[in-house]
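*Asks:* give me coordinates for this.
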Amino acid sequence: MKPLHVTMSAFGPYAGKTELDLQTFGGQGLFLITGDTGAGKTTIFDAIAFALYGEASGDIRTTDTMRSDFAEPEMKTYVELTFLHRQKTYRVIRNPRYLRPKKSGEGTTAENADAVLEMPDGTVITGFRDVTAKITDLLGINYKQFKQIAMLAQGEFLKLLLADSKERGDIFHRVFGTELYQLAGRLLKERERDAKRNCEDAQNEIMQYFSLVSCSEDEWGTKFQTQLKDAAIHDSDELFEQVKKLVKKDRSLQENLREKLKDSQRRLSDQITVIAAATALNQLFDQRDTARKKEEEMLSHRDDHMRQKKDLEDAKHARYTIYPLEKDFLREQEKEDKLKEEIDVLQEKISVLSGQMNLAGDEYKKQTERAPEREKLASAMDHLAKMLPAYDQADLLKDQLRTLAKKRADLLDEQESLLRQKERMKIQKDELRAALEQMSNLEIQLARCEQESEQIQTKSEHLDNVKSHVDNLLKMKQESGKLQKDFQKAQDQFRKDSRIYDENEMAFYREQAGIMAEKLEDKTPCPVCGSTEHPAKAVIAGSAPSEAELLMLRKRTENSREKMQDCSRKAAAKAAETDLAGEQLKQMVEKLFSEGEFCTEGMFNSERLTNLQQLLDAQMLRCSELTKEYVQRKKMCQRSIRDKKAHKEQLALTERQLQENEARRSEVDEEKTHVSFEADSKAGELKNIQSSLEYEDRQQAKEQMMGWEKELKRQKDDFQKAEKAYYDLRNDHNSNRLLLGDKVEQYTETGRLKKKAFLLYQERLTAVGFKNEASYQAAKKTEDEIRESENRIRKFEDDQKSIVQELGRLEIETKGKERQDLDRLMAQKVQTEQEKEKIDGEFRKVLSRLGNNELILKSLEKVRKNFSEYTKKYLLISDLSKTANGELSGKQKLAFEQYVQAAYFRQILMEANKRLREMTNGRYELVRRESASDFRSQTGLDIDVMDHYTGRLRSVKSLSGGESFKASLSLALGLSDVIQGHAGGVEIDTLFIDEGFGALDEQSLEQAIQTLARLADGNRLVGIISHVSELKERIDRQVIIKKSNKGSSIHIRS
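*Replies:* This is a model prediction of the structure:
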């Protein structure tokens, strides 16, 4: 990086706009920045550092004190820097946040910090932080590293020389890109942790499987269970063999129980077959008794069945023989009554029509006699119709004259309007041009706003992600705590159940001893100890549990143990899951927050997590507020850009409308002349036509014509109405007389048919056996009722037949047989089932234990193999990790990255010593400290100085002020040389040296200048900031700074 041009406005002691063109010196060589104390020499480097990174060069100067106290209120504070980097030119403009006096009135107003970076390809990056991040990425170093490499600042030039190993390592980390080696150490560390965790997990898994082994209930199993409780990982081989022995023993027991189970199953199957046959035989006897009862019941209902058959026969005669004749008689009677009503109605109607027809005939005659009057009206209308076109022509001429008069008035108004419009458009044109000038930077403002909005959105998403992890971790900690409590509760219950079982087991065995003691007789050997004397026999306590009760207690204890083990597994898994989530959250928090903003130490307790939640909520709220603010700003910018576009379009439209206005005013003048001439011609023509007309205008003539037309139409309508009414009534009267005759004939015929149908109905009623019409009506049923009676009779007969057949079959099947005793057979079956259930219970218990232990045995083989492999891998990776991270016990604490950086450091010291030897006449040499005084601290980048006059090695801190200046200058130049020597590395082609020369004697000063001059012979630009008078005499190219009561100014002497 090489600065080409610097512009400072109201910056530091420079009141106005001050420019420094460093291209005057040809982009290389040695130059002097000189002036009075406080004039602003170091401010030039401050300006360059601020333009690049937004910070000043010293610890005392801060960005909020950069505005010049000499500046006018309207003068803006900013720095503009044009610099060259890798043969490409960049331009950055940056202003700090500052308070300036208001342009009008009292008080101050704030200007916010901002920056703009123009790239070589023309793209623009905006935003104070975004520009800083881009330049840091571009140059490859941050602000602090730039300050130590490119500037030996006043009061700070010893920091590079006196920095400790860690501080110097941070500089080399970015300068030489050694993060790859740091990453290698970190990855090995992570792999070491993973390998160790795998070993621990495998070890825990092995012990967990041993804890899940189900032991037999005999003496050997109880002893093995105790051994499992107290086991450790080094016992795993012995325990594994014991589990194999337990599995083999249970396999043999399983086969024995399987044979017993098959035998009990065969006996039970035979008993079930016998019971099924006995049950079937007893059911046949039950069915025979039921059939006999049903047969007796059917015989008791036979008389009622015969009566129902007789009623059905009468109902069929009534429905299908008599009912159709009755229906014919009733239909003819109904028809006769209806015809009588119709005849009476027709006779009344004919009488009314006769009177109406006489009145209509009189009106028809009257209208016929008015025919001459209608002909006279038609003749007058025809004459007036022939004159209407002349009235139309006169009206047309009047309308045309009115139109021409209005058109002339409109043209006059338009002429005045066009003049007013022209003045308005001139004013609008000027206003639009002024507005467009003020909107020239809207696109840059929008780009800046969108960039800042995207950054806020990205941060908000990161915050939301961390917030979700915090919520999840709190939930997991609650679940882990609950599982831990469940485990503690299950453990307490197991201990309680185990204690109760142990006490009852002892009581049971004491009771067994008492039972045996009752049977002992004197001189008879004891079956336990063999003694023939029994001075203190065991006594039956009476409170001991039975064997079944003891078995239940043991089962309950085993259930408690299984529950405790299950709770232990769940609690351990949840704890591991919680720790992993916590580590992930810690990494996310460290990436999200800067150092000091949130401390991650001890962050896994609930209180710290709650504090983190509150901090995240506050920052998310702030992001939300900023997002809303940027949305509003973006909308305002977009609206302003739309307004700008509309202003441009409106300006073009206004200019086009001005041209159209001028053309239209010319057209209006021509149209006025033509309208006046045409109006005079139309007025003469109208006068000639009006002299030959009878009425004043066409409207008056038309009204007369409409009056005649209306009267003629009324008379014609009256005639047609009278004629139609007369003929309609006459036709209606004649048609009703004819219809009356037809109805009378129908009435006579219907009476004859009704009488005939009645006689036939009465004859058939007597013929089928009904005594009278009442008996017929009683026997009548609907077709559904007849079908229901038929179905009921048929069902009775079918049921009777079926019962007779079923009873005969059952009598044959039960002949010579007796009922069976099912209770005795069932009792035998229950006894067999109980024996089978007991054997089956024992078999399932062994089967379950065997299946569990076989699965555990198989899993143990795999896990033990994994544990062995994990252990070997861990030992290998652990050695590599400790070596790469400088953690080997009894060795120098030198990490892999520091080892690589030490190689670079040797090169830097080699280049630095070339200049230091020259400036100190070969007395001093900088030496890298090879190892620490002990192995407890990490070193590798520390410096000592060899004094060849004394032959002793001593600390650089023991050098005098002038010697320290020479050493730090040599070191800075050596660093620059090595950096330039690595292709693709950081390029800093400029070096500023601030003061320090005052501590040198004349010879040392001359040596330092010669060293710097040779350094500047290449492509480097070296600036010395000093007021030492000897330097003014030795360096011709100078930047001279003068101060006054109005601020400082710059003059270049080349």
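
*Asks:* didn't His173 look like it was pressed against Val900?
*Replies:* No - His173 lies out of contact with Val900 (C-beta atoms under 8 Å); the separation is 10.2 Å. Bear in mind the C-beta positions are built from the backbone N, C-alpha and C, glycine included.

*Asks:* show me what counts as buried in stretch 456-473.
*Replies:* Ile456, Lys459, Ser460, His462, Leu463, Val466, Lys467, His469, Val470, Leu473 (16 or more other C-beta atoms under 10 Å).

*Asks:* for stretch 743-758, that is, sorry about that
*Replies:* Buried-residue list, stretch 743-758, by 16+ other C-beta under 10 Å: Lys743, Tyr747, Thr750, Leu753, Lys754, Ala757, Phe758.

*Asks:* then stretch 130-144?
*Replies:* Buried, per 16+ other C-beta under 10 Å, within stretch 130-144: Asp130, Val131, Thr132, Lys134, Ile135, Thr136, Leu138, Leu139, Gly140, Ile141, Asn142, Tyr143.

*Asks:* export those to TSV and tack on secondary structure and distance to Gly961?
*Replies:* Formatted as TSV, these follow (DSSP: H, G, I helix; E, B strand; the rest coil; distance: C-beta to C-beta, whole Å):
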residue	secondary structure	distance to Gly961
Asp130	helix	42
Val131	helix	38
Thr132	helix	35
Lys134	helix	39
Ile135	helix	34
Thr136	helix	33
Leu138	helix	36
Leu139	helix	31
Gly140	coil	33
Ile141	coil	28
Asn142	coil	29
Tyr143	helix	27
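
*Asks:* ok, those vs Glu833, which is closest?
*Replies:* Nearest to Glu833 among these: Asp130, at 85.5 Å, using C-beta to C-beta.

*Asks:* any idea how far Val863 is from the closest residue in space to Leu850 that isn't next to it in sequence?
*Replies:* Closest residue in space to Leu850, ignoring its immediate chain neighbours: Asp250 at 4.3 Å, by C-beta to C-beta, 6 or more residues apart in numbering. Here the criterion is C-beta to C-beta, to the nearest Å. By it, Asp250 lies 21 Å from Val863.

*Asks:* before we move on, what about Tyr90?
*Replies:* Taking C-beta to C-beta, one finds Tyr90 at 62 Å from Val863.

*Asks:* next one: Gln182
*Replies:* Taking C-beta to C-beta as the measure, Gln182 falls 36 Å from Val863.

*Asks:* per-domain residue ranges of the protein.
*Replies:* 1-140+987-1054, 395-436+624-692, 466-604 (automatic domain parsing).

*Asks:* hey, which of those domains is tucked in deepest?
*Replies:* Stretch with highest mean neighbour count among these: domain 1-140+987-1054 (a mean of 18; mean count of other C-beta atoms under 10 Å).

*Asks:* so how far is stretch 970-980 off the chain centroid?
*Replies:* 53 Å (C-alpha atoms, centre = their mean, to the nearest Å).

*Asks:* mind exporting that stretch as CSV, just the C-alpha atoms?
*Replies:* Output of stretch 970-980 as CSV, limited to C-alpha atoms (Å, rounded to 0.1, in the frame of the first residue of the first chain):
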residue,chain,number,x,y,z
SER,A,970,16.1,-1.9,12.2
LEU,A,971,13.4,-4.4,13.3
ALA,A,972,10.6,-2.5,11.6
LEU,A,973,12.6,-2.3,8.4
GLY,A,974,13.5,-6.0,8.6
LEU,A,975,9.9,-6.9,9.0
SER,A,976,9.0,-4.8,5.9
ASP,A,977,11.8,-6.5,3.9
VAL,A,978,10.6,-10.0,4.8
ILE,A,979,6.9,-9.1,4.1
GLN,A,980,7.9,-7.9,0.6
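
*Asks:* for that stretch, the averaged confidence score.
*Replies:* Averaging pLDDT along stretch 970-980 gives 76.

*Asks:* next: stretch 73-80.
*Replies:* On average, stretch 73-80 scores 89.

*Asks:* next: stretch 230-243.
*Replies:* 78.

*Asks:* mind listing residues that contact stretch 390-403?
*Replies:* 679, 682-683, 685-686, 689-690, 692-693, 695, 697-698, 701-702 (C-beta atoms under 8 Å, 6 or more residues apart in numbering).

*Asks:* mind doing that once more with 7 Å?
*Replies:* By C-beta atoms under 7 Å, 6 or more residues apart in numbering, the residues outside stretch 390-403 that reach it are Ala679, Lys682, Ala683, Glu685, Leu686, Ile689, Gln690, Ser692, Leu693, Asp697, Arg698, Ala701.

*Asks:* cool, and stretch 1034-1044?
*Replies:* Outside stretch 1034-1044, the residues that reach it (C-beta under 7 Å, 6+ apart) are 13, 20, 25, 29-36, 38-41, 1009, 1024, 1032, 1048-1054.

*Asks:* the residues you listed in strands, which ones?
*Replies:* 20, 29-35, 1024, 1049-1053 (DSSP state E).

*Asks:* and of those, the nearest to Lys724?
*Replies:* Closest to Lys724, out of all of the ones in strands among the contacts of stretch 1034-1044 and judged by C-beta to C-beta, is Leu20, at 118.1 Å.

*Asks:* ok, now how distant is Lys467 from Glu590?
*Replies:* 16 Å.

*Asks:* Ser417 too?
*Replies:* Taking C-beta to C-beta, one finds Ser417 at 75 Å from Glu590.

*Asks:* kindly report the same for Ala232.
*Replies:* Applying C-beta to C-beta to Ala232 and Glu590 gives a distance of 38 Å.

*Asks:* correct me, but His462 touches Leu592?
*Replies:* Yes - at 5.7 Å, His462 counts as touching Leu592 under the criterion of C-beta atoms under 7 Å.

*Asks:* mutual contacts of those two, please.
*Replies:* Common neighbours of His462 and Leu592 (C-beta under 7 Å, 6+ apart) do not exist.

*Asks:* residue with max distance from the center of the protein?
*Replies:* Glu369 (98.2 Å; C-alpha atoms, centre = their mean).

*Asks:* which strands or helices does the lengthiest strand in the chain pack on?
*Replies:* What stands out as the longest strand in the chain, according to DSSP E, is strand 2-11. Packing partners of strand 2-11 (3 or more C-beta pairs under 7 Å, 6 or more residues apart in numbering; DSSP states H and E): strand 14-21, helix 41-53, strand 78-85.

*Asks:* please compute how far it lies from its chain's middle.
*Replies:* 49 Å.

*Asks:* just the CA trace of stretch 946-953, in PDB.
*Replies:* What follows is stretch 946-953, C-alpha atoms only, in PDB (Å, rounded to 0.1, in the frame of the first residue of the first chain):
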ATOM      1  CA  MET A 946      24.100  -9.500  21.900                       C
ATOM      2  CA  ASP A 947      26.600  -6.800  22.900                       C
ATOM      3  CA  HIS A 948      29.800  -7.800  20.900                       C
ATOM      4  CA  TYR A 949      31.800  -5.200  22.900                       C
ATOM      5  CA  THR A 950      31.200  -7.200  26.100                       C
ATOM      6  CA  GLY A 951      30.400 -10.600  24.600                       C
ATOM      7  CA  ARG A 952      27.300 -10.800  26.800                       C
ATOM      8  CA  LEU A 953      23.600 -11.500  25.800                       C
END
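
*Asks:* confidence score at the nearest residue to Ile856 once chain neighbours are set aside?
*Replies:* Leaving aside its chain neighbours, Ile856 sits nearest to Tyr209 (5.0 Å; criterion: C-beta to C-beta, 6+ apart). On pLDDT, Tyr209 comes in at 78.

*Asks:* by contact count, what packs against the one helix or strand Tyr209 maps to?
*Replies:* When elements are assigned from DSSP states H and E, Tyr209 belongs to helix 179-211. Applying 3+ C-beta pairs under 7 Å, 6+ apart, we find helix 179-211 packed against helix 822-884, helix 896-919.

*Asks:* buried ones in that helix?
*Replies:* 181-182, 184-186, 188-189, 191-192, 195-196, 198-199, 201-203, 205-211.
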